[in-house]
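# output the structure for:
(one chain, ligands or ions: 1)
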Amino acid sequence: MTYSELSGQIVQKQSYLCIGLDTDPRKLPPHLSTETDPVFTFNKAIIDATADLTVAYKPNIAFYEAQGPRGWESLQKTLEYIPKNCFTIADAKRGDIGNTSDLYARTFFDQTAAGLSFDSVTVAPYMGRDSVTPFLAYEGKWVILLALTSNSGSADFQRQQVGDQELFETVITTAQTWAGPDQLMFVVGATQAAELSRIRELAPDNFLLVPGVGAQGGSLEDVSRQGLTPNGGLLVNASRSILYASNGTDFAERARAEAKTLQTEMAIHLTLR
Ligand SMILES: O=c1ccn([C@@H]2O[C@H](COP(=O)(O)O)[C@@H](O)[C@H]2O)c(=O)[nH]1
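Model (predicted):
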């Protein structure tokens, strides 16, 4: 999906919601346990219930890898089921020396390799340029680089002063010499909203993937006020607060209600921007 297609979806759906498919088999409603692939059945129901309210889905790869080959199969089926007008994010946080990154990129981008063709993958910037550029070699695919993450440990390295900047600011400025806003997004935690206007000055046109509303307590209002751009510019993720809104037979209905609450607030922020 291109930059302008993504912006167009945000306008059309009046939403910059990204739903995190962090599907933990241990947390699924008990009535799904008799299904052949409970994870896929759950994801399918969540997608059916929310596709008109969200512009992106973000399966966190850890939840699938932890299931071995079965999880990989659930991931493939889920990715194929996501409607084509939704942006897809492999939240895998990869990055290694060049030839290894090349294989990670093939895994998530090249359908003929592992049977997956995501629009984007999250990448850790720590190993530098040659660890990131193999992902950028795929035309039309996106790198979402970790900049300022939502967890408390983000202070350990990302907030360290490097010259006259903090390390996450160096990541944001340097990475923009590798790719333009049509291929490069940054992860900024919703819990870091206080830094968003500074980040917007450094990256005025890049989309930001913002996890941390819902279960982590980040404020959608603060994020929207500081982060929205004329092109949208935000993908705000919620996972647990939507997926596990109910553990009963009404789980999809309750997930939709949670997503609808976020989308309704987003529509207001889009009007105010
Ligand atoms: O800084 C980051 C980067 C990634 N994540 C991921 O986003 C979701 C958040 O899930 P919630 O249940 O809505 O808290 C999850 O997959 C994280 O691994 C993040 O939270 N913060």
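# residue numbers of this protein in contact with the ligand?
Residues of the chain found near the ligand (CB under 6 Å from any ligand atom) are 20, 22, 60, 91, 149-150, 187, 189, 211-212, 214-216, 237-240. All C-beta spots, glycine's among them, are computed from the backbone N, C-alpha and C.
# next step: those restricted to strands.
20, 91, 187, 211, 237, 238 (DSSP state E).
# okay, those residues in a markdown table with pLDDT and neighbour count next?
Listed next are those as a markdown table, based on pLDDT from 0 to 100; neighbours: other CB atoms under 10 Å:
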| residue | pLDDT | neighbour count |
| --- | --- | --- |
| 20 | 98 | 23 |
| 91 | 98 | 24 |
| 187 | 98 | 27 |
| 211 | 98 | 27 |
| 237 | 98 | 31 |
| 238 | 98 | 27 |
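# which one of those is nearest residue 126?
Closest approach between those and residue 126, by CB to CB: residue 187, at 13.2 Å.
# dump the residue contacts of the closest one.
122, 144, 145, 146, 147, 148, 149, 208, 209, 210, 211 (CB atoms under 8 Å, 6 or more residues apart in numbering).
# can you show me the strands along the chain?
Under DSSP E, the chain gives strands at 17-20, 56-58, 87-94, 120-123, 142-148, 161-162, 165-166, 184-188, 208-211, 234-238.
# residue of the stretch 1-150 of the chain nearest the ligand, please.
Residue nearest to the ligand within the stretch 1-150 of the chain (CB to the nearest ligand atom): residue 149, separated by 3.1 Å.
# wait, isn't that residue in contact with residue 158?
Yes - at 6.7 Å, residue 149 and residue 158 qualify as touching, with contact defined as CB atoms under 8 Å.
# quick one: average pLDDT of the longest helix along the chain?
Assignment by DSSP state H gives helix 251-272 as the longest helix of the chain. Averaged across helix 251-272, the pLDDT comes to 97.
# circling back: would JSON lines of the strands of the chain with distance to residue 65 be doable?
What follows is those, written out as JSON lines (distance: least, CB to CB, whole Å):
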{"stretch": "strand 17-20", "distance to residue 65": "15"}
{"stretch": "strand 56-58", "distance to residue 65": "15"}
{"stretch": "strand 87-94", "distance to residue 65": "9"}
{"stretch": "strand 120-123", "distance to residue 65": "14"}
{"stretch": "strand 142-148", "distance to residue 65": "18"}
{"stretch": "strand 161-162", "distance to residue 65": "33"}
{"stretch": "strand 165-166", "distance to residue 65": "32"}
{"stretch": "strand 184-188", "distance to residue 65": "19"}
{"stretch": "strand 208-211", "distance to residue 65": "19"}
{"stretch": "strand 234-238", "distance to residue 65": "19"}
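# residue 250 is nearest to which of those?
Proximity to residue 250, assessed across those by CB to CB, is greatest for strand 17-20 (17.4 Å).
# show me what the closest one is packed up against.
Secondary-structure packing of strand 17-20 (3 or more CB pairs under 8 Å, 6 or more residues apart in numbering; DSSP states H and E): strand 56-58, strand 87-94, strand 234-238, helix 240-243, helix 251-272.
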